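Undergrad: Whatever this is, show me its structure:
(2 chains)
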Amino acid sequence: MENLDNVIYDNEVYVEFMSDSVNEGLARMVVSAFALPLNPSLEEMADLKTAVSEAVTNAIIHAYMEKEGIIKMRLGRKNSDIFIDVIDEGCGIKDIKKAMEPLFTTRDDIDRSGMGFAFMEAFTDRLDVESEVGKGTVIHMQKAISDKE
Amino acid sequence: MTGNRHPAQYAVKNHTLYIKPSGDLDHHNVEQIRTRADNLMVECEINSLVFDFEAVDFMDSAGIGLIMGRYRKIMGSGGKMKAVSVKPVVMRILKYSGLYQIMDINGADGGMSI
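TA: Alright, predicted model coming up:
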């Protein structure tokens, strides 16, 4: 996976896990542990966990349609910025703009709220989505952790 | 993490369903709660809902979907919905989603005792 931000990270972690919904919690724990040395506020920690949870859930429900697949998550830290990539090799998103509209969902049947991308956008400083139908999707997010000094 | 334990407790009183989720209210746990709650709602002719968030440490858009989906089932019959013991980590999600406008949050008559 190329480093799309062209950043040389101070720290970097790469994890791969199965697209089982139990791993939504695992992904949140990994991002929490990764961000901890930056001493984030409770709110910043909740923001990171929510953003990751939404991206991983989307990969499980939409990219892999609740079937078996591999989700990769790469976390990078540069100074006080956290970079998050959530990568899948699932079905891809046909219309990214439509998918990102608040309240739009293709999974009304399981009560999805259509707020996933809205939350990723709201709780991070930057969200980029790259997707190719039949190939997969990469979600890039970035969030600055405030200096509490 | 909740392991294999069911991630919520339920109580029914006067056609009101009390749902008390515990741990993380994410897609994984919501999928389990949804089925159980829907069965109870039909069996007990539920017309109002109380969500007790005391034991919830995390919630994302899946929690919003759970609340909205249950609300749709009762709103036709004029049903009411409330949330109690809402902590900041849940409140931020309720606020951002606009749900706080349609539900009574942290009102007077408290949660359930189960």
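Undergrad: pretty sure residue A:28 is touching residue A:51, no?
TA: No - Residue A:28 is beyond contact range of residue A:51, at 9.7 Å (criterion: Cβ atoms under 8 Å). Every C-beta, even on glycine, is put in place using the N, C-alpha and C of the backbone.
Undergrad: With neighbour numbers in mind, choose between those two.
TA: residue A:51 (27 against 23; other Cβ atoms under 10 Å in any protein chain shown).
Undergrad: And the pLDDT at the more buried one?
TA: Here, the pLDDT recorded for residue A:51 equals 98.
Undergrad: quick one, what contacts it?
TA: With contact set as Cβ atoms under 8 Å, 6 or more residues apart in numbering or on different chains, residue A:51 has these partners: A:84, A:119, A:120, A:123, A:124, A:141, A:143.
Undergrad: one more time with 7 Å, if that's ok
TA: A:84, A:119, A:120, A:123, A:124, A:141 (Cβ atoms under 7 Å, 6 or more residues apart in numbering or on different chains).
Undergrad: Give me the neighbour count for the closest residue to residue B:59 other than its chain neighbours.
TA: Leaving aside its sequence neighbours, residue B:59 sits nearest to residue B:25 (Cβ to Cβ, 6 or more residues apart in numbering or on different chains; 4.1 Å). Burial measure for residue B:25: 28 neighbouring residues, criterion other Cβ under 10 Å.
Undergrad: Give me the below-cutoff pLDDT ranges for chain B.
TA: The model of chain B has pLDDT under 70 over residues B:1-3, B:108-114.
Undergrad: Show me the residue at the heart of it, geometrically.
TA: residue B:51 (3.5 Å; Cα atoms, centre = their mean).
Undergrad: From residue A:46, how far off is it?
TA: 19 Å (Cβ to Cβ, to the nearest Å).
Undergrad: Mind exporting the C-alpha coordinates of the lengthiest strand in chain B to PDB?
TA: For chain B, the strand that runs over the most residues, judged by DSSP state E, is strand B:16-25. Output of strand B:16-25 as PDB, limited to C-alpha atoms (Å, rounded to 0.1, in the frame of the first residue of the first chain):
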ATOM      1  CA  THR B  16     -43.400   0.100  27.700                       C
ATOM      2  CA  LEU B  17     -40.200  -1.700  26.800                       C
ATOM      3  CA  TYR B  18     -37.100  -0.800  28.700                       C
ATOM      4  CA  ILE B  19     -33.900  -1.600  27.000                       C
ATOM      5  CA  LYS B  20     -30.600  -1.400  28.900                       C
ATOM      6  CA  PRO B  21     -27.600  -2.100  26.600                       C
ATOM      7  CA  SER B  22     -24.200  -2.700  28.100                       C
ATOM      8  CA  GLY B  23     -20.700  -2.100  26.700                       C
ATOM      9  CA  ASP B  24     -20.300  -0.900  23.200                       C
ATOM     10  CA  LEU B  25     -23.500  -0.100  21.200                       C
END
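Undergrad: Enumerate the positions of the next helix or strand after that strand that are buried.
TA: For strand B:16-25, the following helix or strand on the C-terminal side (DSSP states H and E) is helix B:27-43. Neighbour-count burial for helix B:27-43 flags B:27, B:28, B:29, B:30, B:31, B:32, B:33, B:34, B:37, B:40, B:41 (criterion: 16 or more other Cβ atoms under 10 Å in any protein chain shown).
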